Structures are given as structure tokens and as C-alpha cells.
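In: sequence plus predicted model, see below.
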2 protein chains.
Amino acid sequence: MDNRARIIEVAVKLFASRGYDGVGVKELAEEAGVTKPTLYHYFGNKKGLLEELLAEKFSRINNLVKEATRYNHDLPFTLNRLVATYFNFAKNNRIFYRMQLAMAFAPVDSESNKAVSKYIKEQYEMVEDLFIQAAEDHGNMKGRHQAYAATLLGMINTYIALSLRGDRELNDELLYQAVHQFMHGIYS
Amino acid sequence: MDNRARIIEVAVKLFASRGYDGVGVKELAEEAGVTKPTLYHYFGNKKGLLEELLAEKFSRINNLVKEATRYNHDLPFTLNRLVATYFNFAKNNRIFYRMQLAMAFAPVDSESNKAVSKYIKEQYEMVEDLFIQAAEDHGNMKGRHQAYAATLLGMINTYIALSLRGDRELNDELLYQAVHQFMHGIYS
DNA sequence: AACCTATTATACCGTTCGGTATAGGAGATG
DNA sequence: CATCTCCTATACCGAACGGTATAATAGGTT
């Protein structure tokens, strides 16, 4: 792993545990086994490091979400695939997911939220699109695509947050339970 | 409003918009029309300000949640009352709710998350208790109280977050839709 | 051999950080 | 009048902040 990649990995780790504002450039460089000028050589400034980090990591998950939200007129199947995509990504990128989640809920005027919001919005819109298409097959869902997208992503992130705290494991059983609850509620 | 109260209001406002780490004590004092020594006179240090602020505000919402989660063997009624409690509190304390939400998702090793987590946990446990009691009346819900508490609170916060972004208004219609979706899913 | 890029080591910049020391003023209470 | 509490004004502290300048070194490319 070269220096650039190592700096990014260290940044994800430290931002995830103490936040973007809570970690200094000096510590980032030291932890990556690199000097400050080297860090500035690659990323220009602290914000640049954050942005390049997010661009790289989000390009992966957002591509996966794009594939998973392809609607084939079988909504249960698509929802299962989508939730599975998130669960798998979160399992394989625990630290990044924790970091990204904190930034998604960070104050609106903070640098980290500004940097992350466009990628979150992309995901949001892909899921909305899915429900708009599905509503053509299920009339009673019409006009609720925004609420469905929000609550599905909210539920996904709720379960992932549980797993990040160690309360639950993101396995097939939980996946089934999540999708079933989303589709049919708690009675059944 | 006296100085102490004004400092707290200013702190909520600034922490909500730029985060605990993103706001300095100097700015807090200036914005409250007070000098730094005055701020330190009341709160000892920055962390003390945060803790006293949270203690005051959370004692209100957590008491409301305690009342709302009193189970009377009518789960739909209780859920409606609980969600209404959250929606009303969020409507009347928008800025605080935004701040608290950011801190709830902040990195685990950040001061703001440490300070806020015990209050969140209290809420969580009250809602879990509700579902444990309800499971005695609805056998098929047994053993899922943790997941139900997490997803209900997740959904509540999702809708409140939507309203804080201006996408939705927290009215009776949305309240009905949220509870209905939680109980019966998106099909129906 | 000359050159280029990546990188080091070190030292520095101005600013802001959280926090404190000192001395004194204003208003109510005794 | 004296005292007490609250508060101001100002100035300071050491440490950390983000960021830069300089000069030198090592390794691969032409």
C-alpha cells in the first residue's frame, strides 16, 4: 500500500472514531508514518483529503446501489437485493460506514456534512426512483416514494448502526426480518 | 432571560449548526453577550456547558417519553401517542432536536456522543419495555423488542430529519402514515 | 551523468484553541 | 455603610490548529 492509500485508510479510521474536527493533520500524518508536507503534497489541504477519501469510497457503494435498485417488477426481490447490498458493504467496510453515518447526521454547516451530502442524496434519489417505478405496479404506493425511500434507508441504517454497536449481526436472518418488517409491518 | 439561560440557548444554536468541536468558547460568549470568565463562572468548562445543557433539555423529552410509553394494552393507541410526543417535541424544539440527532450519530469517541449517549439509551430502554409488555398480548412479537424499539425510533428520527430539512411537515397525516407503516408495512 | 518525482527532516508562520489571573464595577441585601 | 454576588474588561497562558518554506536525500528514468 502506497503512502496516499495509507493516509486515506488512517483518515477513515481516525475520522470514524473522533470526527473530522476532532483529528488534526499532524496526527493523521504521524499515524500514517508520513510527514505533514507529504500529506499536503497529495491532498492540498485537510478538506481535500476528506473530499478525495469520500469520492473514492462512495463511488464503490453508490455503484452497488445503482445496480441493486434496478427494478424488474419484483419488488420483494429488489428490496432484498438492495438491503443485502447495504449489509454486505457495511460488513466489509465497517469503519468507513461508521464515519459516513456520523457525517450524514453532522450539522448542516459543518464541513463533513457538506462534503458527504451529495453522495447521500444520490443514494436517496436512486431508491426514490425504485419506488416510483414500483408504484406503477402497485397503485396504493403512489405518491409515497419519498417517504418509502427515507424510511427504508432509515431502517437499513438503523440495523447497520445496531451491528456497529455490536448488538446485532448482519446475517441473512436479520436481512429477512428487515425486509419483511418494511413490507408487512410488525403485525405478522 | 438571564445570562446562564442565554448562554445555553446560544450553545444549542451554534452546536446545532456547526457542531460541538466546530464552535469555540470565545464565540459562544460573544454571541451570548457575555465575557468568557462569566461563561466559565457558570459551567466550569466547555464540557460542563454541554453536560448541563443536555441534562436540562433531555429531562423534559425523556419525561414525556416515559409517560407516552405507559402501556394500556392498546398498542396502536400507545404507538400513536409516542410518535405524537416525539413529533410535538421536535416541532417545539427544532434546533435542539437537530443538535441532539447529530450528537447521537457522532463518533463514539467524541465528547458530544459520550455526553448524549446515556439519554438516548434511556429512551431506547423505555421503548423496549413497551414492546416487551406488548409482546405478552401479541405472541408473534416475542423476542423482537430490541429490533422494534430500534426501528420505531429510527423511523421517528427519519421523519423528523425530513421535517428539519424542510421536506415534510410533522402534521397529523404524517403521524398516521408513520404509525400505520410501522404496524402494517408498505403493502396496504 | 542529469533529471525528475517522491519524500524526508526541521523549523517556522499566524491564528485559534480551552482556560485563567487580576482588578474592579454595579446592584441588591444586610 | 459594608458586604456579597454577579459580572465586566483586559490581558495573558501554553498548546494545538492548519498550512508552508527550505534544503536535502533516495530511486528510478532518460
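Out: On my side now, so go ahead.
In: and the strands in chain A?
Out: Using DSSP state E, no strands are assigned anywhere in chain A.
In: which parts of it sit against DNA strand C?
Out: Contact residues (Cβ under 7 Å from any atom of the strand) of chain A with DNA strand C: A:2, A:3, A:4, A:33, A:34, A:35, A:36, A:37, A:38, A:41, A:42. (C-beta placed from N, C-alpha, C; glycine too.)
In: buried subset of those?
Out: A:4, A:34, A:42 (16 or more other Cβ atoms under 10 Å in any protein chain shown).
In: so which of the residues you listed comes closest to chain B?
Out: The nearest member of those to chain B, counting by Cβ to the nearest Cβ, is residue A:34 at 22.6 Å.
In: look up the closest residue to the closest one, ignoring the ones flanking it.
Out: residue A:3 (5.4 Å; Cβ to Cβ, 6 or more residues apart in numbering or on different chains).
In: in chain A, where's the longest helix?
Out: Counting by DSSP state H, the longest helix found in chain A is helix A:111-137.
In: other SSEs contacting it?
Out: Applying 3 or more Cβ pairs under 8 Å, 6 or more residues apart in numbering or on different chains; DSSP states H and E, one finds that helix A:111-137 makes contact with helix A:46-68, helix A:75-92, helix A:94-104, helix A:145-164.
In: CSV for those helices, including mean neighbour count and mean pLDDT?
Out: Output for those, formatted as CSV (neighbours: other Cβ atoms under 10 Å in any protein chain shown; pLDDT from 0 to 100):
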stretch, mean neighbour count, mean pLDDT
helix A:46-68, 16, 97
helix A:75-92, 18, 97
helix A:94-104, 22, 97
helix A:145-164, 21, 95
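In: between the ones you listed, which gets nearest to DNA strand D?
Out: helix A:46-68 (3.5 Å; Cβ to the nearest atom of the strand).
In: do the closest one and chain B come into contact?
Out: No. For helix A:46-68 and chain B, the contact criterion (Cβ under 8 Å from any Cβ of the partner chain) is not met; the two come no nearer than 13.3 Å.
In: excluding sequence neighbours, find me the nearest residue to residue A:36.
Out: Excluding the flanking residues, the one nearest residue A:36 by Cβ to Cβ, 6+ apart is residue A:29, at 4.8 Å.
In: for residue A:99, same thing?
Out: Spatially, and ignoring its direct neighbours in sequence, residue A:99 is nearest to residue A:16 (3.7 Å; Cβ to Cβ, 6+ apart).
In: give me the residue from chain A nearest DNA strand C.
Out: Closest point on chain A to DNA strand C, by Cβ to the nearest atom of the strand, is residue A:38, at 3.3 Å.
In: show me what contacts the closest residue to that residue other than its chain neighbours?
Out: Distance criterion Cβ to Cβ, 6+ apart; nearest residue to residue A:38, sequence neighbours excluded, is residue A:3 at 6.2 Å. When contacts are counted by Cβ atoms under 8 Å, 6 or more residues apart in numbering or on different chains, residue A:3 touches A:32, A:34, A:38, A:42.
In: thought residue A:33 was touching residue A:7?
Out: No. Under the criterion of Cβ atoms under 8 Å, residue A:33 makes no contact with residue A:7, lying 9.4 Å away.
In: number of nearby residues for residue A:124?
Out: Using other Cβ atoms under 10 Å in any protein chain shown, residue A:124 has 16 neighbouring residues.
In: alpha carbons of stretch A:41-49, as PDB, please.
Out: Output in PDB follows, covering the C-alpha atoms of stretch A:41-49 (Å, rounded to 0.1, in the frame of the first residue of the first chain):
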ATOM      1  CA  HIS A  41       1.600  17.100  -1.400                       C
ATOM      2  CA  TYR A  42      -1.100  14.600  -2.100                       C
ATOM      3  CA  PHE A  43      -4.200  16.300  -0.900                       C
ATOM      4  CA  GLY A  44      -3.500  20.100  -0.900                       C
ATOM      5  CA  ASN A  45      -5.300  20.600   2.400                       C
ATOM      6  CA  LYS A  46      -7.400  18.800   5.100                       C
ATOM      7  CA  LYS A  47     -10.600  19.400   3.200                       C
ATOM      8  CA  GLY A  48      -9.000  18.000   0.100                       C
ATOM      9  CA  LEU A  49      -8.100  14.800   1.900                       C
END
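In: ok, which pair from the contacts of residue A:3 is furthest apart?
Out: A:32 and A:42 (10.3 Å; Cβ to Cβ).
In: show the backbone phi and psi for the nearest residue to residue A:87 once chain neighbours are set aside.
Out: Spatially, and ignoring its direct neighbours in sequence, residue A:87 is nearest to residue A:170 (4.4 Å; Cβ to Cβ, 6+ apart). Phi and psi for residue A:170, reported as degrees, to the nearest 10, are phi -80, psi 80.
In: cool, thanks, talk later.
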